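A.B. asks: please work out how this folds:
(one chain, ligands or ions: 2)
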Amino acid sequence: MASIDYTDKIPNNVNLSEDKALQRALEHWQPNYIDWWKDMGPDGSQNFDVYLRTAVSVDPQGWANFGHVKMPDYRWGIFLNPKEEGRKVNFGENKGQDAWQEVPGEHRANLRRIIVTQGDTEPASVEQQRHLGLTAPSQYDLRNLFQINVEEGRHLWAMVYLLHKHFGRDGREEAESLLERRSGDEDNPRILGAFNEKTPDWLSFYMFTYFTDRDGKFQLCALAESGFDPLARTTKFMLTEEAHHMFVGESGISRVIQRTCDVMNRIKSDDPAKVRAEGVIDLQTIQRYLNFHFSVTIDLFGADESSNAAIFYNSGLKGRFEETKRDDDHKLHGRGYTVLGVQDGKLIEREVPMLNALNEVLRDDYIRDSIGGVGRWNKVIEKAGIPFRLQAPHKAFNRKIGTLAGVKVSPDGRVVSEAEWAQNERAWLPSAEDRAFVASLMGRVVEPGKFANWIAPPVMGINRMPVDFEYVRFN
Ligand SMILES: [Fe+2]
Ligand SMILES: [Fe+2]
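C.D. replies: Numbers count the residues shown, from 1 in each chain. Ligands and ions are numbered 1, 2, ... in the order given. Sure, this is the predicted structure:
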């Protein structure tokens, strides 16, 4: 096998060239990664030169380079945030110990599971999004899609680095399996539910990057607190890139709403059929997509009561969001937390030990954060003078995991009968017809500065480039 010069090919700050065992492991894995990218990465993009940012350091002042890159030649780098001298384990039974630089033997299996579960989401989203390039509403959007795809690829590299560096042979096997599972595959699916759903159109893509990449943010924030220092340092740097993914989602939905509102005001109608006839997406359909993506994403936090969550916390592997900013004892024994349950056909609140409810704690933090964007979208509608407001559904709506799985709850939080659910499902969740309508609008717009009819242009371009910059050269 040809040797690969990692200092040249893979930008890194982990002294790759000095760790021969690691270098061998990565040399073995890298061609398989490229094969996966060619198979499952963005469809038909192999020859495009795309204006992408590439991480080249962890300096907050200038961590990325921008320039046109042929996508399969993207330099997927490995970066860890700098070591904090004297960092401790900040929560759980081991609180106060020095943070671990090597995997503690007794936590090895759990830690591997946490890293594999996070790592699995990264290639999954690339697979979910692989056909979207064929229907991009503009060059600007196409570039953003590809930026997210290459960075999810880099996030996979980040997790594979940890597996190769710290988990020996089983780490190498897990790294191979990360390239073998496929989103939505019946026999060998990705690990988590939302990462096996389709992302068939650009409205789904923006919802996904707003809601589901934000789940990524919260998981990464919880792992950035980890007592296993290499995991904390690598996830901290991943968060730097994640911000842009969520921006693409939030601004994408804003632009869809803006365009719809402009058309509604021009035709002076709020009738969804008339709005659709103008080739834009009615606000009701946007609400249904929102309901779907919100509910599927909050399932990703796991069961409301979970002994695994307690173990991960007790052992110092996975903290809470902003763990070190909280002023409690960071051990949480004897503390309670409120979760939802169902009694006599009604939702009730139940107090359970907080240690067992840490998935719910993280989910609630996530919900607070994600609702902010819904408020900002409503500002766009309000500014247009239209009396419609989007709303995040109740957290018990359409749940498939935990106590609420299987309970039928309306978006406003009422437990409803099977019959009422069946009657309203089309008003609450995207129907096949909604999806077909949205799909019918999708068509490729490739001329610089031009945008599909159903979406407004962005306020500004990427990296201070003009909106009509040639972000993608198709060659
Ligand atoms: Fe990611
Ligand atoms: Fe992301």
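
A.B. asks: in this structure, where's the longest helix?
C.D. replies: Assignment by DSSP state H gives helix 229-267 as the longest helix of the chain.

A.B. asks: count the residues that sit near whichever residue of the chain sits closest to ligand 1.
C.D. replies: Closest to ligand 1 within the chain is H155: 3.7 Å, counting by CB to the ion. Where C-beta positions appear, they are placed from N, C-alpha and C, glycine not excepted. Neighbour count for H155, taken as other CB atoms under 10 Å: 26.

A.B. asks: do you know how far it is from W100?
C.D. replies: According to CB to CB, to the nearest Å, H155 stands 22 Å off from W100.

A.B. asks: kindly report the same for A392.
C.D. replies: 38 Å.

A.B. asks: what parts of the chain come near ligand 1?
C.D. replies: Residues of the chain lying close to ligand 1 by CB under 5 Å from the ion are E122, E152, H155, G216.

A.B. asks: need the residues you listed in JSON lines (columns: secondary structure and pLDDT).
C.D. replies: Converted to JSON lines, the residues of the chain next to ligand 1 look like this (DSSP: H, G, I helix; E, B strand; the rest coil; pLDDT from 0 to 100):
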{"residue": "E122", "secondary structure": "helix", "pLDDT": "98"}
{"residue": "E152", "secondary structure": "helix", "pLDDT": "98"}
{"residue": "H155", "secondary structure": "helix", "pLDDT": "97"}
{"residue": "G216", "secondary structure": "helix", "pLDDT": "96"}
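
A.B. asks: specify which member of the residues you listed is nearest to P466.
C.D. replies: E152 (27.0 Å; CB to CB).

A.B. asks: on that earlier part again, in the longest helix of the chain, which residues are buried?
C.D. replies: 229-238, 240-242, 244-246, 248-261, 263-264 (16 or more other CB atoms under 10 Å).

A.B. asks: quick one, what contacts the residue nearest to E278 when sequence neighbours are not counted?
C.D. replies: Using CB to CB, 6 or more residues apart in numbering and skipping residues adjacent in sequence, the residue nearest E278 is V263, 4.8 Å away. Residues near V263 by CB atoms under 8 Å, 6 or more residues apart in numbering: V275, E278, V280.

A.B. asks: out of these, which comes closest to E93?
C.D. replies: V280 (55.3 Å).

A.B. asks: the closest one reaches N453, doesn't it?
C.D. replies: Yes. Taking contacts as CB atoms under 8 Å, V280 lies within contact range of N453: 6.8 Å.

A.B. asks: hey, what's in contact with both of those two?
C.D. replies: In contact with both V280 and N453: R259, L441, using CB under 8 Å, 6+ apart.

A.B. asks: have a look at those two and say which one is more surrounded.
C.D. replies: Higher neighbour count among V280 and N453: V280, with 24 against 13, using other CB under 10 Å.

A.B. asks: for the more buried one, give me its contacts.
C.D. replies: R259, T260, V263, L441, N453, W454.

A.B. asks: of those residues, closest to R435?
C.D. replies: L441 (11.2 Å).

A.B. asks: can you tell me the SS state at the closest residue to that closest one other than its chain neighbours?
C.D. replies: Counting by CB to CB, 6+ apart, L441 lies nearest to W454, which is 4.8 Å off, once chain neighbours are set aside. Of the three states, W454 takes coil according to DSSP: H, G, I helix; E, B strand; the rest coil.
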